[in-house]
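# Model the structure of this input:
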Amino acid sequence: MSIVGVGCDIVDISRFECWKQFSQERLLSIFSPQELIDCTGTDNIIIPEKVAARFASKEAAYKAMSQLLVSLEYTQKTFSFRAFCKLVTVSYTTWEIPKLSIDINGLEQIINQKLPPITSHLSFSHEKVMAMAVVIIKI
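Here you go, the predicted model:
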């Protein structure tokens, strides 16, 4: 396997404070239902640092995937961050290690191109005022 894409993103958590007031419909345009459950406190209010880390993860994944598409000489403008968000889900594996799942079939439909088998790796963190994520894509 070869690394074909690396993406990173860092965000200010305070930027996501106002997301507490966003409608469910607006949040679902970026996050899956399970991601929203994972980012909601016992008071049913979105936790900004958790939303920020997942948003950074999706940004980092978009950047890494963009590198892969460039290497495959993909030149169409149908690949957008907004569309990609619906195809990417952040969840946890054993020991709460973050996992990035990409709907490859959905992505292939958007770009109208077959992709090789892909493996992704994700790490994210948040501390006080910042959240960050790194994604590595391998084929």
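
# need the longest helix for the protein.
helix 48-71 (DSSP state H).

# counting contacts, what elements does the helix or strand following that one pack onto?
Using DSSP states H and E, the helix or strand that follows helix 48-71 towards the C-terminus is helix 81-85. Judged by 3 or more C-beta pairs under 8 Å, 6 or more residues apart in numbering; DSSP states H and E, helix 81-85 is in contact with helix 48-71, helix 104-111. Just so you know, the C-beta spots here come from the backbone N, C-alpha and C atoms, and that holds for glycine as well.

# ok, now with 6 Å
Helix 81-85 sits against helix 48-71, with contacts defined as 3 or more C-beta pairs under 6 Å, 6 or more residues apart in numbering; DSSP states H and E.

# for the helix it packs on, packing partners?
strand 3-12, helix 81-85, strand 88-92, strand 119-127, strand 130-138.

# Lowest mean pLDDT across these, which one is that?
The minimum mean pLDDT among the helices and strands packed on helix 48-71 belongs to helix 81-85 (a mean of 93).

# tell me the centre residue of the chain?
Residue closest to the average C-alpha location in the chain (C-alpha atoms, centre = their mean): residue 58, at 1.8 Å.

# So for that one, what's the pLDDT?
For residue 58, the predicted pLDDT is 98.

# can you check residue 1 too?
pLDDT, residue 1: 87.

# Not counting its neighbours along the chain, what's nearest it?
residue 138 (4.4 Å; C-beta to C-beta, 6 or more residues apart in numbering).

# Please report how far that neighbour lies from residue 48.
The gap separating residue 138 from residue 48 is 31 Å, by C-beta to C-beta, to the nearest Å.

# what does residue 2 give?
36 Å.

# Look at these two and report which has more neighbours.
More crowded of residue 2 and residue 48, by other C-beta atoms under 10 Å: residue 48, with 20 against 7.
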